[in-house]
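Peer 1: Just the structure for this:
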Amino acid sequence: MGRRILKDTRREEIAQALYRCLLRKPFARTTIKDIAKEAKLNHGMLHYYFKNKEEILLYFLDWIVALHLDDFRKWAKKQKLEGRNFNEALSLALDYAKKKITLNEELAKIFIEVWEIALYHKKVRTKLQYVYTEWIGELVTIIGKKTSKKNAAMLSVATIAFLEGISLFHIMLSDIYPIKEILNSFEKKIESVINDR
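Peer 2: Just a heads-up that it's a prediction; the model follows:
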């Protein structure tokens with residue numbers, strides 16, 4: 001059992017190392033040696049935990065989704081999101097997404113890289129679909145309190161797509177557009193749309 005825990009810990013350390021590497025250069029130019037060095041492992045030892053760089057990336061996506069979803073769920077429980085009225089719950093959830101995900105420049109930078117990889121790599125695209133399906137599901141749970149399941153699903157997809165687009169704009173165009181103001185305005189509009197249904 002101790003070996004299993006050590007292996008899981010090492011795999012997580014390697015995922016964290018990939019995260020740090022991706023902040024410096026693209027995945028295509030990041031080598032196994034780069035990741036191993038960042039994880040403070042011999043690159044030969046890294047192969048004990050992962051067959052190749054692709055396998056590290058796929059694990060990384062699972063790890064980062066689990067990390068952020070777990071953080072969100074703990075936060076939602078602490079905020080007693082389920083017991084709040086709809087407008088409060090939605091406002092708090094959107095504020096959380098804005099602060100922790102949409103305006104997180106490191107995360108946005110990495111996901112821009114992952115989106116590019118996903119265009120040509122089916123396994124990465126499948127993982128990314130899982131990422132967005134999970135986040136959409138979290139939002140459907142909140143929006144579904146106020147509208148039909150179908151409307152909640154469509155509004156959740158639109159909201160996540162908007163937030164991801166704004167994340168990209170935040171990286172590329174924040175010196176041109178008032179991103180935080182746009183996000184605040186969007187939050188009011190989405191609440192209005194849902195309340196009018």
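Peer 1: residues near Lys127, how many?
Peer 2: Using other Cβ atoms under 10 Å, Lys127 is surrounded by 20 other residues. Just so you know, the C-beta spots here come from the backbone N, C-alpha and C atoms, and that holds for glycine as well.
Peer 1: pLDDT score for the closest residue to it other than its chain neighbours?
Peer 2: Of all residues not flanking Lys127 in the chain, Leu61 sits nearest, at 4.2 Å (Cβ to Cβ, 6 or more residues apart in numbering). Confidence at Leu61, expressed as pLDDT, is 93.
Peer 1: check contacts around Leu61.
Peer 2: The contact partners of Leu61, taken as Cβ atoms under 8 Å, 6 or more residues apart in numbering, are 114, 124, 127-128, 130-131.
Peer 1: In a markdown table: those residues, plus secondary structure and distance to Arg11.
Peer 2: Formatted as a markdown table, these follow (DSSP: H, G, I helix; E, B strand; the rest coil; distance: Cβ to Cβ, whole Å):
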| residue | secondary structure | distance to Arg11 |
| --- | --- | --- |
| Val114 | helix | 18 |
| Val124 | helix | 18 |
| Lys127 | helix | 16 |
| Leu128 | helix | 20 |
| Tyr130 | helix | 18 |
| Val131 | helix | 18 |
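Peer 1: And the residues you listed, which of them are buried?
Peer 2: Taking 16 or more other Cβ atoms under 10 Å as the criterion, what is buried in the contacts of Leu61 is 114, 124, 127-128, 131.
Peer 1: Please enumerate the helices of the chain.
Peer 2: Taking DSSP state H to define them, one finds helices in the chain at 2-24, 32-38, 43-49, 53-78, 86-97, 105-120, 122-143, 149-173, 179-195.
Peer 1: For Asn85, grab phi and psi.
Peer 2: phi -70, psi 160 (degrees, to the nearest 10).
Peer 1: Could you measure from it over to Glu191?
Peer 2: The gap separating Asn85 from Glu191 is 11 Å, by Cβ to Cβ, to the nearest Å.
Peer 1: For the two, indicate the residue with more neighbours.
Peer 2: Higher neighbour count among Asn85 and Glu191: Glu191, with 16 against 10, using other Cβ under 10 Å.
Peer 1: Surely that one is in contact with Ser91?
Peer 2: Yes - assessed by Cβ atoms under 8 Å, Glu191 is found in contact with Ser91 at 6.9 Å.
Peer 1: Name all residues that make contact with Ala36.
Peer 2: Per Cβ under 8 Å, 6+ apart, neighbours of Ala36: 17, 42-43, 45-46.
Peer 1: if you set the cut-off to 7 Å instead, what comes out?
Peer 2: Each residue near Ala36 by Cβ atoms under 7 Å, 6 or more residues apart in numbering is listed here: 42-43, 46.
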